[in-house]
Each structure stands twice: as structure tokens, then as C-alpha cells.
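Chemist: with the sequence up front, the predicted model follows.
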Amino acid sequence: MNAMNTNVAPNPANFRNVLPTADAAGGRRWLYPRRVTGRFTRWRTVVAVVLLVALFVGPFVWVDGHPLFLFNVLERRFIFFGVPFWPQDFYLVAFGLIVFIVFISLFTVVFGRVWCGWACPQTIFMEMVFRKIEVWIEGDYTARQRLDTGPWTTEKVAKKSLKHGVFLLVSFAISNTFLAYIIGRDQWLTLITDNPAQHPVGLATMGLFTGVFYLVFARLREIVCTTICPYGRLQGVLLDKNSLIVAYDYIRGEPRGKLKKAELTLIPGTPPKGDCIDCKLCVQVCPTGIDIRNGTQLECINCTLCVDACDEVMDKINRPRGLIRIDSQQGIEQGKPFRFTARIRAYSGALVVLLGVMGFLLISRPVLDVTVLRAPGQLFQREAGGKVSNLYLIEVVNKTYRPIPVRFRLSRPDAKLSFVQPLTTVPAGELAKGIFFINLPEKTIRSTSTSLRIDVLVGDNVVEQIGTTFLGPVR
Ligand code: SF4
Ligand code: SF4
């Protein structure tokens, strides 16, 4: 650390007052990020490969004859990690969304935009798939720029055709994977192997998905992160001085300036100016086109490419790595290494509790969902033997993959429940409907509406208790 430079802030003259993706006239400024390697890039590649394999394999993994994942919004069938969910589980979805929002907020307050740079499908596909294809076909940043600004030669036509052809193929693969998540493996297989004339809607959806993915990764690109994604827009209110971010150590780096050859031979640790040699490598590698030396910006997706780029420069000029690093603003200002503070522990504890509550709700979710309603338009009937009866409709959803034998028991011993058609077993993953009467001796009825409880039993275990009312004559 250069003591001379303490508290020297970046020069505001270097700050931008336009979007990094817009030119002076407000048009699109196409970005040509430079390729970079380094330890963070290697780790990100490992994470991306694991996530991509999981994403592409996900819809085709079946366990015990059932898919591991299914998000069939059309037929309202959902399977998550092999557990089937029904529209009746909507309360879990609602609670899960609340947990998700709180989780994301707390996570961002502590760990910044780690999700964006390391796990978001947009970043992974853009930087780890489409960008790599582009670099492979068109070359690194200067070659791509030359190709785009140059005339339409045979080479340019060939490279552009090849690139966009491969882009379309990859978009088609992504589209098919998403479709397999939505309609399931078997329906998807039928869709691609059957006579196309039989599936105009399915094939049109496939084409539409392919077009959308192609548009996103071939044209929109970083605009999704910097302008469209609402999570990115929230960074301003979620981050604080203690949040972990990709940050430039301006205390160590400023005043920046070109390093003359002679300065490389000076005694290490006593440079005549800040450690930043203004090589702009960190700017050239940035996929959202920003200069991280201007401080935290909402376009920064925490991809750590600038960290790797700057570390490479620091290695070359014999300065310690970490001029750009993952740290908090507080850590940069005070020059202290990152520590797990009480605040971070408290936030992390809250995250674990939230996940625990969600996990408990999922595990303790009842295997049956029972709805009982009195038959509409019916009051009560008097029957022989001084009895009064009410007619009820029942629906039982079996949320498991095995048939479940069921019994029903009333809370009052003098009441009798009898089904019109016996309902003794609910088939696996299905909804069973039934009609039943409840009889009560008229002399025991004390009011026009009597509360009753119906116990639903599987074996000897009461798995659900349903409250209902019984209508009787006025006494
Ligand atoms: S890569 Fe490092 S040394 Fe080069 S301009 Fe960026 S911060 Fe300065
Ligand atoms: S500033 Fe650095 S971490 Fe942020 S998006 Fe650019 S390269 Fe990635």
C-alpha cells in the first residue's frame, strides 16, 4: 500500500455522464470485451459448467418413473426435486416468493451481486457460451471490432454466417430444454419426432423461444443486465458500505498514471505514484463497458473479470494483487481485510432460519388435500327414524406418487357419514371426487347450523381435520 496516496479519491473528471452502452447521440455503443484469464475466471468457468450441465440434464432426469423437475403451467402440474406440487399448494408458492425476496435482499446486502456474475443464466449463457463462440469464430476484441467496422468481404460474410448459425443452434437447444421443463420429457419427445403437422402450436412455441433467446444473446446482451433486469436496478437501495462488491482500491491506486520503464526497477513497495498504471485493461475486459475505478455502478454484475485483468497487471509490475478486489467500501476506505462481522453473521443466520422455515413447510406439507362443501342449493332432508340429513361434496387430492387408502370419521358419535359411491382409495397423483350424506338424530339438533368436524384418516393416523356445518330444522 502506498502511504503517500492515502485518501486520494479518483478524479471526478474521469467519471462518465453517459451510459456505457450508448454513444453521444444516444445510439447503441456495441461492446467488444477483451478476453481474460485468471483464478476467478477459472472458478467461474467451473461453476458455469456445473450449472449448464444441471440445466440441460434437468428435464431428462427421472426418479422412480417420475421427472425430477416439471413446470407445466398449462396443465398446472409442478414437480420440484421429485416432489409434486398442486395448485392447492399455492400458499407454499406465495410464502416461497416472500422468502425468496427477503433472501435475495439479505443476500445482496451482505454478498452484493454474486448471483449476477456467477449464477444468473443470462450471464452464464452470454459470457460462457455465446461470447466464447464469438471469440472462437471472430477472434478477440480488436479482431471483432475490425471485422464489424470493415467492409463486407467473403471472410466477413463467412464468419458472420457461421457465428449467427451457431447462435441459432444454441438458442434452439436452450429453447428445447425450456420446453422440456414445461411440457415434460415425453411430450417433448413426441413433439420433435411426430409429424410436424400434428403439433403446430408446440412447434410455433419452440420457434418463438428460439427467436427470443437468439435476440437476447445476439443483440440485447448486456442491456438485459444494465437496463431490463429489475434486480440490477435495485442495487442502489440494497447495497451499503459493508456489502461485498467488486471494488477498486482508490487509496492504493490513485493518483493513477502510466508507468515508465525505469520505475519498474525501483525498490518494490515504494512506487512514486499510485499502483494503477492506467492501462485500462479492467475497462477493456468489462462485459458491461464500465470503468470500475469510478466506484460502484449499477451496471457492475460482479463478474470479477476486471479483478483477474488487474491482478495480471499487478503481477507484471511487481505490485501486490488486489488493486481491484472483492471487498466492501468500508474495507477499501479503512484498508482492513474482509472479516465476518457480527452483522454478516446475523444476516447469514436470518438467511438460514428463512430457508429452514421454508424447508419445514415443504417437508410437513400434507400428502392429501381435502375440500368439503355442502351441496349447493340444498338445505336438509328429514328421513325415516327421526333423522335429518345433509348432502356434501368432497374433493381429495393425492399429492404423492402412490395410491392412498382413506377413511373418514365424524367428531360426533351420534352422527353418521355415508358415501353415495364408496371413496376408499385416492389414486396416485390424482383428484378423487365423492358425494356423501351426514345423518343426525333430529332430537339432538339444537340449532339451525351445527358445527361438525370430519377427520381424514390414513391407516390410524389423522392426516387432516375438516370443519363444516350441518343445517337442521328450526326448533
Ligand atoms: S487494470 Fe488495474 S492498473 Fe490497469 S487501469 Fe485497471 S485498475 Fe489500473
Ligand atoms: S466492473 Fe468488473 S466485475 Fe463489474 S461488470 Fe465490469 S468487469 Fe465485471
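Modeler: Right, received. Where do you want to start? Ligands and ions are numbered 1, 2, ... in the order given.
Chemist: residues of stretch 68-80 that come out buried?
Modeler: Under the neighbour-count criterion of 16 or more other C-beta atoms under 10 Å, stretch 68-80 has Leu68, Phe69, Leu70, Phe71, Arg77, Phe78, Ile79 buried. Every residue, glycine included, has its C-beta placed from N, CA and C.
Chemist: widest-spaced pair of the residues you listed?
Modeler: Using C-beta to C-beta, the buried residues of stretch 68-80 span at most 13.8 Å, a distance reached by Leu68 and Arg77.
Chemist: distance check, Gly257 against Cys279.
Modeler: 11 Å (C-beta to C-beta, to the nearest Å).
Chemist: okay, these two: which has more neighbours?
Modeler: Cys279 (17 against 14; other C-beta atoms under 10 Å).
Chemist: the more buried one against Val313, yeah?
Modeler: Yes: using C-beta atoms under 8 Å, Cys279 is in contact with Val313, at 5.8 Å.
Chemist: pLDDT below threshold where in the chain?
Modeler: Where the chain drops to pLDDT under 70, the residues are 1-16, 260-272, 337-338, 475.
Chemist: got the residues of it near ligand 1?
Modeler: Applying C-beta under 6 Å from any ligand atom, we find that the chain lies next to ligand 1 at 248, 253, 256, 276-282, 293, 309-310, 313, 323-324.
Chemist: could you rank these by neighbour count and give me the top one?
Modeler: Most neighbours among the residues of the chain next to ligand 1, by other C-beta under 10 Å: Cys310, with 30 neighbours.
Chemist: wait, Val246 sits on Gly322?
Modeler: No: taking contacts as C-beta under 8 Å, Val246 lies outside contact range of Gly322: 11.3 Å.
Chemist: the more surrounded of those two?
Modeler: Val246 (24 against 16).
Chemist: what spatial separation is found between the residue nearest to the more buried one when sequence neighbours are not counted and Thr41?
Modeler: Using C-beta to C-beta, 6 or more residues apart in numbering and skipping the chain neighbours, the partner closest in space to Val246 is Asn302 (5.1 Å). As judged by C-beta to C-beta, Asn302 and Thr41 stand 13 Å apart.
Chemist: next: Pro422.
Modeler: From Pro422 over to Thr41 the distance is 65 Å, taken as C-beta to C-beta.
Chemist: which one's more surrounded, those two?
Modeler: In this view Pro422 and Thr41 are compared by other C-beta under 10 Å, and Thr41 has more residues nearby, 20 against 9.
Chemist: distance from the longest helix seen in the chain to the middle of the chain?
Modeler: Secondary structure of the chain per DSSP state H: the longest helix is helix 154-183. Distance of helix 154-183 from the chain centroid (C-alpha atoms, centre = their mean, to the nearest Å) equals 23 Å.
Chemist: list the buried residues for that helix?
Modeler: Buried, per 16+ other C-beta under 10 Å, within helix 154-183: 159, 163, 166-167, 170-172, 174-183.
Chemist: go on, stretch 450-469?
Modeler: Neighbour counts using 16+ other C-beta under 10 Å place Thr450, Leu452, Ile454, Val456, Glu464, Thr468 of stretch 450-469 among the buried residues.
Chemist: can you check the distance spanned by it, start to finish?
Modeler: Across stretch 450-469, the terminal residues are separated by 5 Å (C-alpha to C-alpha, to the nearest Å).
Chemist: show me which residues of this protein sit near ligand 2.
Modeler: So far as C-beta under 6 Å from any ligand atom goes, the chain lies against ligand 2 at 246, 285-288, 290, 292, 300-306.
Chemist: looking at the residues you listed, which are in strands?
Modeler: Residues of those located in strands (DSSP state E): Val246.
Chemist: quick revisit: I'd like the next helix or strand past the longest helix of the chain.
Modeler: As assigned by DSSP states H and E, the chain's next helix or strand after helix 154-183 is helix 185-193.
Chemist: okay, the angle between the next helix or strand after that next one and helix 185-193?
Modeler: Using DSSP H and E, the helix or strand that follows helix 185-193 towards the C-terminus is helix 200-215. Here the directions of helix 200-215 and helix 185-193 differ by 90 degrees (axes from the mean of the first three to the mean of the last three C-alpha atoms, to 10 degrees).
Chemist: which outside residues touch the helix or strand following helix 200-215?
Modeler: Scanning forward in sequence from helix 200-215 by DSSP H and E, the next helix or strand is helix 223. Helix 223 is contacted by residues Thr21 when judged by C-beta atoms under 8 Å, 6 or more residues apart in numbering.
Chemist: could you shift the numbering so residue one becomes 23, and keep it that way?
Modeler: In the new count, where the first residue is 23, that last one comes out as helix 245.
Chemist: helix 245: how far from the chain's middle?
Modeler: When C-alpha coordinates are averaged (C-alpha atoms, centre = their mean), helix 245 and its chain have centres 18 Å apart.
Chemist: quick one: name whatever helix or strand follows that helix.
Modeler: Moving toward the C-terminus from helix 245, the next helix or strand (DSSP H and E) is helix 252-255.
Chemist: Three-state assignment for the residue in the stretch 323-472 of the chain that ligand 1 sits nearest to, please.
Modeler: Nearest residue of the stretch 323-472 of the chain to ligand 1, counting by C-beta to the nearest ligand atom: Cys332, 3.4 Å away. Assigned with DSSP: H, G, I helix; E, B strand; the rest coil, Cys332 falls in the helix class.
Chemist: residues touching it, list them.
Modeler: With contact taken as C-beta under 8 Å, 6+ apart, Cys332 is in contact with Leu303, Cys304, Arg343, Leu345, Ile346.
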